[in-house]
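> can't give you the sequence, but here's the structure:
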């Protein structure tokens with residue numbers, strides 16, 4: 001009797017994908033079902049900031065590892081608490097340590113959900129993509145680093161949505177990681193610095209001003225200059241050949 005290992009591996013792969021999907025969806029739902037959203041909010045942070053600071057001073061290594069773990073997990077599960085955690089980290093650990101925590105944790109969490117989404121349903125989605133979308137993805141792939149950097153810098157789309165959408169493109173892992181890491185640097189500095197002045201902030205509406213958003217947008221535009229330059233040069237070369 002000859003075993004067909006291909007037939008045996010397919011159910012195992014399916015179960016593995018189902019398990020990964022359960023972890024991410026289950027973790028997201030558990031955050032709300034167990035009421036963690038009632039504690040991880042701006043009011044709770046403001047009210048308990050002195051206790052949190054005191055505990056951090058007394059248990060610094062534990063809080064440092066906890067901040068890294070919670071931020072990574074929240075990013076991977078696409079929980080809507082990134083801004084709050086960034087403020088808390090800035091308040092508790094200061095600018096440079098805080099920025100380092102956010103950059104490492106956010107990049108790691110975004111990479112985890114990117115890899116999970118690509119593994120679970122990347123192939124299935126790509127098989128169902130039509131010709132026009134395939135052409136768009138092909139053009140996107142030529143300058144995917146600059147496009148992703150733009151999306152990370154300019155807050156037009158939610159961070160979690162970009163993580164998932166990139167999983168269905170041909171972008172390479174190292175390109176995704178590099179663009180993500182670089183793209184979140186300005187936002188990490190802004191929120192961490194705001195966290196240092198937490199006592200002066202009365203409402204989440206005070207966090208991001210129009211000037212800050214405009215600065216992010218202008219910075220994002222600069223990342224697309226190499227793409228535009230490449231296109232203009234190719235158009236000029238084509239016209240010269242035709243002429």
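Received the coordinates, thanks. What you see is a predicted model, and the numbers here were worked out from it, not measured in a lab.

> you'd agree residue 77 is up against residue 29?
No - the pair residue 77 / residue 29 is not scored as a contact, 9.5 Å apart, by Cβ atoms under 8 Å. Using the backbone N, CA and C atoms, a C-beta is placed for each residue, glycine as well.

> so the two - more neighbours on which side?
residue 77 (21 against 11; other Cβ atoms under 10 Å).

> where does residue 81 fall, phi/psi-wise?
Main-chain dihedrals, residue 81, degrees, to the nearest 10: phi -130, psi 20.

> quick one, what contacts it?
Shown in contact with residue 81 (Cβ atoms under 8 Å, 6 or more residues apart in numbering): 37, 40, 74.

> what's the burial count for residue 44?
By other Cβ under 10 Å, neighbour count at residue 44 equals 14.

> quick one: it from residue 55, how far?
14 Å (Cβ to Cβ, to the nearest Å).

> neighbouring contacts of stretch 116-127?
Contacts of stretch 116-127 (Cβ under 8 Å, 6+ apart): 17, 20, 21, 24, 76, 163, 164, 167, 168.

> going by neighbour count, list what's buried in it.
By 16 or more other Cβ atoms under 10 Å, the buried positions in stretch 116-127 come out as 116, 117, 118, 120, 122, 126.

> out of those residues, list just those in helices.
116, 117, 126 (DSSP state H).

> how about these in TSV, adding distance to residue 154?
Shown next, in TSV, are these (distance: Cβ to Cβ, whole Å):
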residue	distance to residue 154
116	25
117	22
126	26
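
> tell me the one of those residues nearest residue 215?
Comparing those against residue 215 with Cβ to Cβ places residue 117 closest, at 30.6 Å.

> measure that closest one to residue 33 for me?
Where residue 33 is concerned, residue 117 sits at a distance of 22 Å (Cβ to Cβ).

> and what about the residue lying closest to residue 75 once chain neighbours are set aside, helix, strand or coil?
Excluding the flanking residues, the one nearest residue 75 by Cβ to Cβ, 6 or more residues apart in numbering is residue 109, at 2.7 Å. At residue 109, secondary structure determined by DSSP: H, G, I helix; E, B strand; the rest coil is helix.

> many thanks, I have nothing further to ask.
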